[in-house]
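J.: Kindly generate the corresponding structure for this input.
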Amino acid sequence: MRKRLAMAALTTLALPAALLTAAAAPADAAPASNTCQAVNFIGMYCGYYAGSETVAEYSSYTSAVKEIQDLIDRESNFPGTKLAVDGSFGPLTFSAVEWLQSHDHICGGVDGVVGSCTWAYLRG
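T.: Residues are numbered from 1 along each chain as shown. A predicted model of the protein is given here:
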């Protein structure tokens, strides 16, 4: 839990430009591979989005939504199907976020919104 809280605090700090340019892919580009990896000061990173802004259903922030979808696919055993990493925060992604929040008892409760607690969990 402390690791997750520390990671949440670190992700809110401004990251050095060199780290972001080395780690972040262009907003709509696919990562070089489909594997997520640990990156200093970010945590788990799948190549789409290195931040921690709050993202809710029907968000148009496609790179952040792709990151969420890839992290959820990596992290969870969401019942049914894997999420399509398509940048669309629709009903299936919303259900997966709610399931993850409920199943893993993420702080802040079950709301389907990827805020600081859910980002910290996914990045941890």
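J.: quick one: the strands in the protein?
T.: Taking DSSP state E as the test, the strands found in the chain are 37-39, 43-45.
J.: Buried deepest among those strands, which one?
T.: Sort those by mean neighbour count, taking mean count of other CB atoms under 10 Å, and strand 43-45 sits at the top with a mean of 21. Using the backbone N, CA and C atoms, a C-beta is placed for each residue, glycine as well.
J.: That one: partners in the sheet, and parallel or antiparallel?
T.: strand 37-39 (antiparallel) (DSSP bridges).
J.: Distance from the strand it pairs with to the middle of the chain?
T.: Centroid separation between strand 37-39 and its chain, computed with CA atoms, centre = their mean, to the nearest Å, is 12 Å.
J.: Surely residue 78 is in contact with residue 97?
T.: No. Judged on CB atoms under 8 Å, residue 78 makes no contact with residue 97 at a distance of 9.4 Å.
J.: Of those two, which one has the most company?
T.: Using other CB atoms under 10 Å as the criterion, residue 78 and residue 97 rank with residue 97 on top: 28 against 18.
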